[in-house]
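Participant: starting from these lines, generate the structure:
(one chain, ligands or ions: 2)
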Amino acid sequence: MEWTILGAGALGCVMTGLLRQQGESVAVMLSERHRGHFHPHIEVLDITGQRQLFYSRPLFAEHAYKVECLLVLTKAYQVVDALKRLTTLPNSTPVILLHNGMGVAEQVLSLFPNNPVLAGISSHGAMKEGNWQVRHTGKGETWLGPLNEAGKAYQSLVPALAAALGHCEWSDDIAQQQLRKLAINAVINPLTACNDINNGQLLEPRFADVLAQLSEEVHDVISRLQGDKAETLSEFRRRLHKVIELTACNYSSMQQDIAQGRPSENGYISGYILQHAHPHPVPVCQQLYQEMKKREGFRT
Ligand SMILES: NC(=O)C1=CN([C@@H]2O[C@H](COP(=O)(O)OP(=O)(O)OC[C@H]3O[C@@H](n4cnc5c(N)ncnc54)[C@H](OP(=O)(O)O)[C@@H]3O)[C@@H](O)[C@H]2O)C=CC1
Ligand SMILES: CC(C)(CO)C(=O)C(=O)O
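Facilitator: Ligands and ions are numbered 1, 2, ... in the order given. Down below sits the predicted model:
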């Protein structure tokens, strides 16, 4: 089977490299703006600092009929537009969404009512260093699970991904995993982006109050969505602090997006919390969401 990566950015190129290293065949489906360009090999600076080149077959939207298994690695706000173009995607092709944030899956499920649709979350770290050059900045976990009935038959994808990525596990309730990740992102990302700091700086005393209030607001919303699988507020705060400590030297994806003048996933992270907060007030989350919109120039 050939994997097709839709979204050959930082994480998409790193995953391409890791899959190729295991001998998997990988195609990359590129956006329109790359149509007239020369497509060199992908260069990955791996976790040990070694550079490696990987070949992957370039495809465009009209080649969707050839796709056997689609890993979607665009930003959340690019997913629907990218998938709408794949009008010839076979009904049997599994579509695996790997973006951060939530709120996209519903649209994808109605776009592809007959396809197996799955979601994944990944805590690998990847950064773009240049055109077709990426750096693998951190190894992490990957979880995969079904978003519809047809998706339930695709647990068989896990071993190949686990071999390539170092870890991959199946979850019958992937929405729970997505909510756990969203809760972390909804605290760290907007705070680091609005204050232009790295993750570790959130532990400075000046952020103690805002961190306490935002974590309470986010926990309140997420725990209502999680029902009986919810963590307690202190369990959530312990997990949050652990992620901050483990990623202390990193700049969050939202901080990087804002610093580099790109749109961010604000609408799918803080926006998702706001949509599900009603009737409970979430003033800090609301303020950070608005601030992010201003910084993005109202692009989300
Ligand atoms: N980077 C990381 O460390 C991690 C990222 N994530 C999540 O993974 C997702 C991807 O992140 P990241 O790799 O950093 O993002 P990037 O912006 O680096 O990559 C996204 C890629 O999607 C491509 N793309 C956009 N629209 C289309 C389209 N219509 N057709 C084909 N390709 C398209 C873009 O191509 P182009 O711009 O060339 O057109 C770009 O290369 C995000 O949701 C992120 O939050 C999760 C964990 C870690
Ligand atoms: C966990 C965290 C916050 C690490 O930076 C992340 O996922 C992100 O930056 O989007």
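Participant: domain ranges for this protein?
Facilitator: 2-171, 176-295 (automatic domain parsing).
Participant: buried ones in the helix or strand in which residue 269 is found, by neighbour count?
Facilitator: Assigned by DSSP states H and E, residue 269 falls within helix 266-277. Neighbour counts over helix 266-277 (16 or more other CB atoms under 10 Å) mark 266-274, 276-277 as buried. C-beta: built from backbone N, CA, C; applies to glycine.
Participant: now do the strands in the stretch 51-200 of the chain.
Facilitator: 51-54, 57-59, 69-72, 95-97, 117-122, 125-130, 133-138, 142-146, 169-170 (DSSP state E, counting those that start in this stretch).
Participant: okay, these in TSV with distance to residue 13 next?
Facilitator: As requested, those are exported to TSV (distance: least, CB to CB, whole Å):
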stretch	distance to residue 13
strand 51-54	8
strand 57-59	12
strand 69-72	12
strand 95-97	17
strand 117-122	13
strand 125-130	7
strand 133-138	4
strand 142-146	16
strand 169-170	23
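Participant: so which of the ones you listed gets nearest residue 43?
Facilitator: Minimum separation from residue 43 across the strands of the stretch 51-200 of the chain (CB to CB) falls at strand 133-138, 4.6 Å.
Participant: so the closest one versus strand 125-130, what angle?
Facilitator: Interaxial angle, strand 133-138 versus strand 125-130 (axes from the mean of the first three to the mean of the last three CA atoms, to 10 degrees): 160 degrees.
Participant: other SSEs contacting strand 133-138?
Facilitator: When contacts are defined as 3 or more CB pairs under 8 Å, 6 or more residues apart in numbering; DSSP states H and E, strand 133-138 sits against helix 10-21, strand 42-45, strand 125-130.
Participant: Provide the strand pairings for it, with the direction of each partner.
Facilitator: Strands adjacent to strand 133-138 in the sheet, as given by DSSP bridges, are strand 42-45 (parallel), strand 125-130 (antiparallel).
Participant: of those strands, which approaches ligand 2 most closely?
Facilitator: strand 125-130 (7.3 Å; CB to the nearest ligand atom).
Participant: buried set for the closest one?
Facilitator: Buried-residue list, strand 125-130, by 16+ other CB under 10 Å: 125-127.
Participant: same question, stretch 110-127
Facilitator: Neighbour count says stretch 110-127 has 111-112, 115-127 buried, by 16+ other CB under 10 Å.
Participant: ok, the residue nearest to residue 153 when sequence neighbours are not counted - contacts?
Facilitator: Of all residues not flanking residue 153 in the chain, residue 116 sits nearest, at 6.6 Å (CB to CB, 6 or more residues apart in numbering). Residue 116 sits next to 92-95, 146, 148, 150-154 when contact means CB atoms under 8 Å, 6 or more residues apart in numbering.
Participant: just the buried ones from the residues you listed?
Facilitator: 93-95, 146, 148, 150-151, 154.
Participant: in a markdown table, list the strands of the stretch 51-200 of the chain along with distance to residue 82 and mean pLDDT.
Facilitator: Output for the strands of the stretch 51-200 of the chain, formatted as a markdown table (distance: least, CB to CB, whole Å; pLDDT from 0 to 100):
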| stretch | distance to residue 82 | mean pLDDT |
| --- | --- | --- |
| strand 51-54 | 22 | 96 |
| strand 57-59 | 12 | 93 |
| strand 69-72 | 7 | 98 |
| strand 95-97 | 11 | 98 |
| strand 117-122 | 14 | 97 |
| strand 125-130 | 18 | 92 |
| strand 133-138 | 19 | 94 |
| strand 142-146 | 20 | 98 |
| strand 169-170 | 25 | 98 |
